[in-house]
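S.K.: Please find the sequence and the predicted model below.
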Amino acid sequence: MPSLLRKTAPGKWREDDTWMRLGDLPADAFNDLRTDRNALSVWWIEDDKSNLEDVLTALAATGNCASAMKYRLLDPSIMTGLGIEISLAPGDSPFARANGWHRDLTKLTCESLFAIARVLAKCEVHTVSAGGVRMHVTNAINAKLLDIHRMHPALLQSLRLPLTADVKPDEDALQTITRAWPTVGEELRREILDCLGL
């Protein structure tokens with residue numbers, strides 16, 4: 001059975017807060033479901049998952065660092081059963097071959113977005129490690145499948161890849177990290193170092 005992939009941020013979906021009732025969704029989950037023109041971005045995954053690696057590579061290449069990535073797989077029939085339209089919408093990632101697998105859930109209302117959140121909350125969380133993200137992106141670059149000029153300079157830096165003449169280091173981001181370093185907690189420091197590949 002085919003599925004719809006949605007990348008998610010695990011911290012937004014925590015259900016371990018003692019003040020929440022059983023079955024409640026944390027409000028932060030809606031920060032993970034940002035819509036544009038009442039549409040939510042998802043990716044179509046074939047029933048044999050033959051295109052899963054391409055889609056994960058496209059998502060990894062769109063980020064600004066090679067950190068671990070989490071995603072959930074939705075049943076398309078559940079979406080259509082809720083009256084939610086699945087529309088063709090070519091992706092905008094640096095991986096042209098994968099962009100045809102992109103879809104939008106369209107004509108969404110607050111009620112339908114809440115229904116999507118309910119379904120996502122029950123889906124299994126899949127994880128690609130930071131090493132796996134680096135492998136996906138590096139292999140695709142080596143195979144000349146990615147347009148590196150459309151990739152974030154910080155991602156290229158974290159992969160220890162040489163920058164081309166028109167792809168400059170993200171000096172502003174590095175200066176911000178340097179200034180903030182003494183004030184951030186240990187957990188955030190580990191995340192930053194992971195992003196930088198250190």
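M.R.: Received, thanks.
S.K.: Count the neighbours of the nearest residue to residue 82 once chain neighbours are set aside for me.
M.R.: With sequence-adjacent residues excluded and distances taken as CB to CB, 6 or more residues apart in numbering, residue 82 is closest to residue 115, at 5.1 Å. Heads up, the C-betas are built off the backbone N, CA and C, glycines and all. The local packing of residue 115 (other CB atoms under 10 Å) involves 18 other residues.
S.K.: thinking residue 115 is in contact with residue 74, fair?
M.R.: No: contact criterion CB atoms under 8 Å: residue 115 and residue 74 do not qualify, at 11.3 Å.
S.K.: can you count the residues close to the nearest residue to residue 1 once chain neighbours are set aside?
M.R.: Leaving aside its sequence neighbours, residue 1 sits nearest to residue 47 (CB to CB, 6+ apart; 5.2 Å). Using other CB under 10 Å, residue 47 has 8 neighbouring residues.
S.K.: is it true that residue 47 touches residue 76?
M.R.: No: judged on CB under 8 Å, residue 47 makes no contact with residue 76 at a distance of 10.4 Å.
S.K.: Please enumerate the shared neighbours of these two.
M.R.: When contacts are counted by CB atoms under 8 Å, 6 or more residues apart in numbering, the set common to residue 47 and residue 76 consists of 2-3.
S.K.: Checking my notes, the residue nearest to residue 1 in a strand, right?
M.R.: No: going by DSSP: H, G, I helix; E, B strand; the rest coil, the assignment for residue 47 is coil, not a strand.
S.K.: what's the helix or strand for the residue nearest to residue 127 when sequence neighbours are not counted?
M.R.: Closest residue to residue 127 apart from its sequence neighbours, by CB to CB, 6+ apart: residue 70 at 5.2 Å. Using DSSP states H and E, residue 70 maps to strand 69-74.
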